[in-house]
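1. got a structure for you, letters missing:
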């Protein structure tokens, strides 16, 4: 059973689900880590966590540890969170105001831009050139108050993946919103099942009758772009819960959801926690 055999592009009127093996076999989970999560833009942080020089966040993308840190010039840089010596961790948790990155294994020290400042007891090592060693960079982008990384250099340009979203929701400025909280949920389903559910409003009148009354289901529509989709509806009869305006539900391939209502943004990042399990929550 190959990917090509089960992922043929069919006409919309003949759409069907993936074969069950894509939801249950460990082989496909391993494949997805590299070919899906490892080759796409992944939501990694909110800019509120990276407000000043030295502020940093750690995370895991496609099974690989990463580190994002604010530079003295205000830019962001991202690295794999492993020392170039013996792969010890440079940071074990999020932090504020770091002046350097220190390996927790052998004490090697890096500048915030990833260049090696000091290597403990390596002075006598033949051919050791401290100036030639630096942490490999990972692509990182700030957009609308959110921070994204891409591990693979062949990942499509960020502007292409998110094309048109900021213009469509204008004058809403997501970067003006303040980070409120993060929740994490472990769900007894494959991560793709959660995605499948998000991508259709078919179930709203039956599963979410309260939400269905707020959304104008008569004009609820879905728009498709190359790398994302939009489910959109005007708001009605909400008694001030959301305010006047529109509900914009964006899905950005493969696992990012932006739920935008007047004055609010909920981001969902869906991650595999094992074969058949997924973890979901605002990022």
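-> Arrived safely. Note that the structure is a prediction, hence the values are computed from the model and not measured.
2. any low-confidence regions in the stretch 1-150 of the chain?
-> The model of the stretch 1-150 of the chain has pLDDT under 70 over residues 1-8.
3. Using the record's domain definitions, break the chain down for me.
-> 43-151, 160-280 (automatic domain parsing).
4. Which one of the ones you listed lies nearest to residue 18?
-> Distance to residue 18, taken as CB to CB, is lowest for domain 160-280 among the domains of the chain, at 7.3 Å. C-beta here means a position set from N, CA and C on the backbone, and glycine is covered the same way.
5. Averaged pLDDT, the closest one. What do you get?
-> Mean pLDDT, domain 160-280: 88.
6. Show me the one of the domains of the chain that comes nearest residue 22.
-> Proximity to residue 22 (CB to CB) singles out domain 160-280 among the domains of the chain, at 7.0 Å.
7. Give me the distance from the closest one to the chain's centre.
-> Distance of domain 160-280 from its chain centroid, counting by CA atoms, centre = their mean, to the nearest Å, is 14 Å.
8. Residue 24 contacts residue 275, correct?
-> Yes. Using CB atoms under 8 Å, residue 24 makes contact with residue 275 at a distance of 6.8 Å.
9. what touches both of those two?
-> Here residue 24 and residue 275 have residue 190 as joint contacts, going by CB atoms under 8 Å, 6 or more residues apart in numbering.
10. need the domains of the chain in JSON lines with distance to residue 14 and mean neighbour count, can you?
-> Putting those into JSON lines (distance: least, CB to CB, whole Å; neighbours: other CB atoms under 10 Å) gives the following:
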{"stretch": "domain 43-151", "distance to residue 14": "32", "mean neighbour count": "17"}
{"stretch": "domain 160-280", "distance to residue 14": "17", "mean neighbour count": "15"}
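11. Save the ones you listed as a markdown table, and put in distance to residue 10 too.
-> A markdown table is the format used below for these (distance: least, CB to CB, whole Å):
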| stretch | distance to residue 10 |
| --- | --- |
| domain 43-151 | 28 |
| domain 160-280 | 15 |
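12. of these, which approaches residue 37 most closely?
-> When the domains of the chain are compared (using CB to CB), the closest one is domain 43-151, at 4.1 Å.
13. Quick one: end-to-end distance for that closest one.
-> Start-to-end span of domain 43-151 (CA to CA, to the nearest Å) is 12 Å.
14. quick one: contacts of the strand or helix carrying residue 45?
-> Taking DSSP states H and E as the criterion, residue 45 maps to strand 42-46. For strand 42-46, the external contacting residues (CB under 8 Å, 6+ apart) are 57, 59, 61-62, 66, 68, 78, 140, 145-151, 179, 255-256, 267, 269, 283.
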